[in-house]
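**Student:** Here's my sequence, what's the structure:
(one chain, ligands or ions: 2)
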Amino acid sequence: MNKKNITIIGTGAYGTALANVLADNDNNVIMYGIVEQQIDDINIYHQNSVFLDSKKINKKIKATNSMPAALENTDILILGVPTVAIKHVVNDIIKYAKKPMDVINTAKGLDEESLGLLSTKIKKYFEGSSVIKTYSALYGPSIAVEVVDRQPTAIMIASETIEKAKELCEVFSNEYFYMYPTTDIAGCEISAALKNAIAIGGGILKAYDAGDNAHATLLTLGLNEMYEFGKHFGAKLETFLNFAGLGDLILTASSKKSRNFRLGEKIVENNDAKKALEAFNLTVEGVETARIAYEIGKKYQIDMNFFEIIYNILYNNVKPISLLNNVFRDVKLV
Ligand SMILES: NC(=O)C1=CN([C@@H]2O[C@H](COP(=O)(O)OP(=O)(O)OC[C@H]3O[C@@H](n4cnc5c(N)ncnc54)[C@H](O)[C@@H]3O)[C@@H](O)[C@H]2O)C=CC1
Ligand SMILES: O=C(CO)COP(=O)(O)O
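**Tutor:** Ligands and ions are numbered 1, 2, ... in the order given. The predicted structure follows:
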């Protein structure tokens with residue numbers, strides 16, 4: 001495989017983890033960031049301590065605060081910022097990119113405006129420009145810190161064609177990072193977004209010490225609601241059984257390494273979602289997703305008992321105990 005020139009937008013936890021995989025695979029990797037401290041940390045100390053403690057990353061990774069410099073000769077562009085920042089960064093990318101690129105999104109969210117898919121929105125942002133050659137996105141259980149530790153990780157890449165997905169698998173895959181190709185962008189995206197809200201529920205149940213039976217039941221109900229939701233967007237069942245669906249749901253709704261899970265625990269500690277959110281200064285995509293999923297559920301009359309409960313806890317001042325009291329009552333399976 002030829003060396004690729006890869007630009008990662010964002011110097012956060014996941015962007016850094018992917019940079020490490022790609023540099024380990026001998027690609028040229030440059031990260032674009034807006035926080036000087038993170039850029040210096042990467043360039044000088046070969047670490048990104050705000051997100052990943054003092055774990056060392058590949059010395060070949062470079063970082064810059066100059067978008068034009070970051071986009072000098074890019075073959076593959078990775079959007080490594082949270083959903084809320086995507087519009088802003090794409091505007092700049094269009095201004096400074098020099099040639100058409102394979103664009104890969106990593107954000108896990110939904111589109112609020114159209115009550116639809118984030119991929120549709122991202123492609124729309126690029127519309128009319130010639131800088132996007134193909135669109136793909138990464139999904140699956142991959143907590144950044146474990147990827148940086150080179151612990152075995154398996155995820156999916158969803159592209160518009162299977163040929164492109166397979167080609168990109170070659171770029172990312174190595175002995176600790178396995179990538180599975182698919183064209184089911186909708187299934188992957190819905191799984192990835194919705195599991196974050198379910199992970200908040202996982203943290204809530206854990207904090208109440210609800211037990212392993214309850215936890216397993218939540219995962220089962222959550223997976224069913226994810227699929228019920230996905231059907232409205234033409235998603236395929238097999239994606240929900242793959243790394244993007246079942247895999248990421250099990251991970252994030254069970255692990256203290258997940259920020260969404262930890263937010264759930266904090267909500268119980270505070271007995272109040274608003275207070276917990278005020279004190280929680282980390283990227284938690286599940287909060288916005290719960291609201292948008294709830295709206296989409298209403299629009300398409302999708303039966304989503306779990307999402308209604310979690311929405312009410314997050315936005316309507318309903319106490320977190322209501323998850324324990326209600327989620328096991330109105331059980332509907334696919
Ligand atoms: N952390 C993880 O383990 C994983 C995260 N993801 C997803 O990746 C996406 C990014 O998450 P993380 O890396 O975890 O977030 P993070 O909170 O660790 O980092 C976000 C980064 O984006 C940067 N940023 C924000 N606005 C920006 C802008 N306008 N221009 C340039 N940079 C900007 C911040 O400075 C920060 O460096 C999220 O959607 C998340 O769900 C996916 C898989 C694993
Ligand atoms: O999506 C993730 C792992 O696959 C990361 O989960 P959190 O955003 O909850 O930390």
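**Student:** Identify the residues contacting stretch 36-49?
**Tutor:** 11, 13, 16, 31, 33, 50, 53-59, 61-65 (C-beta atoms under 8 Å, 6 or more residues apart in numbering). For every residue, glycine as well, the C-beta is placed using N, CA and C.
**Student:** how far does that stretch sit from the chain's center?
**Tutor:** If you compare the mean C-alpha spot of stretch 36-49 with that of the full chain, they lie 23 Å apart, counting by C-alpha atoms, centre = their mean, to the nearest Å.
**Student:** Packing partners of the helix or strand encompassing Leu324?
**Tutor:** Secondary structure assigned from DSSP states H and E places Leu324 in helix 321-326. The elements that helix 321-326 packs onto, with contact taken as 3 or more C-beta pairs under 8 Å, 6 or more residues apart in numbering; DSSP states H and E, are helix 185-207, helix 305-315.
**Student:** Which residue is the nearest non-sequential neighbour of the residue nearest the centre of the chain?
**Tutor:** Most central in the chain under C-alpha atoms, centre = their mean is Lys108, positioned 3.3 Å from the mean C-alpha point. Taking C-beta to C-beta, 6 or more residues apart in numbering as the measure, Lys108 lies nearest to Ala192, with 4.1 Å between them; neighbours along the chain are not counted.
**Student:** That neighbour is in contact with Asp248, isn't it?
**Tutor:** Yes - shown here, Ala192 and Asp248 form a contact pair, counting by C-beta atoms under 8 Å, at 6.2 Å.
**Student:** Return the residues of this protein in contact with ligand 1.
**Tutor:** 9-15, 33-35, 38, 51, 80-83, 85, 88-89, 106-108, 142-144, 283, 285 (C-beta under 6 Å from any ligand atom).
**Student:** Restricted to buried residues, select the residues you listed in ChimeraX.
**Tutor:** Only the buried members of the residues of the chain next to ligand 1 enter the following ChimeraX selection, criterion being 16 or more other C-beta atoms under 10 Å:
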select :9,10,11,12,13,14,15,33,38,51,80,81,82,83,85,89,106,107,108,142,143,144,283,285
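**Student:** Show only the entries of the residues of the chain next to ligand 1 found in strands.
**Tutor:** Ile9 (DSSP state E).
**Student:** phi, psi of Thr182?
**Tutor:** For Thr182, the backbone dihedrals are phi -150, psi 160 (criterion: degrees, to the nearest 10).
**Student:** all strands of the stretch 151-300 of the chain, in order?
**Tutor:** Under the criterion DSSP state E, counting those that start in this stretch, the stretch 151-300 of the chain carries strands at the ranges 153-159, 177-182.
**Student:** As TSV, those with mean pLDDT would be great.
**Tutor:** Formatted as TSV, the entries for those read as follows, by pLDDT from 0 to 100:
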stretch	mean pLDDT
strand 153-159	98
strand 177-182	98
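**Student:** May I see the domains of this structure written out as residue ranges?
**Tutor:** Per the TED database, the domain ranges recorded for the chain read 5-183, 186-327.
**Student:** Need the winner for burial among these.
**Tutor:** Using mean count of other C-beta atoms under 10 Å, the stretch among the domains of the chain with the largest mean neighbour count is domain 186-327, at a mean of 21.
**Student:** how far is that one from where the chain is centred?
**Tutor:** Counting by C-alpha atoms, centre = their mean, domain 186-327 is centred 14 Å from the centre of its parent chain.
**Student:** taking the mean pLDDT, what do you get for it?
**Tutor:** In this model, domain 186-327 has a mean pLDDT of 97.
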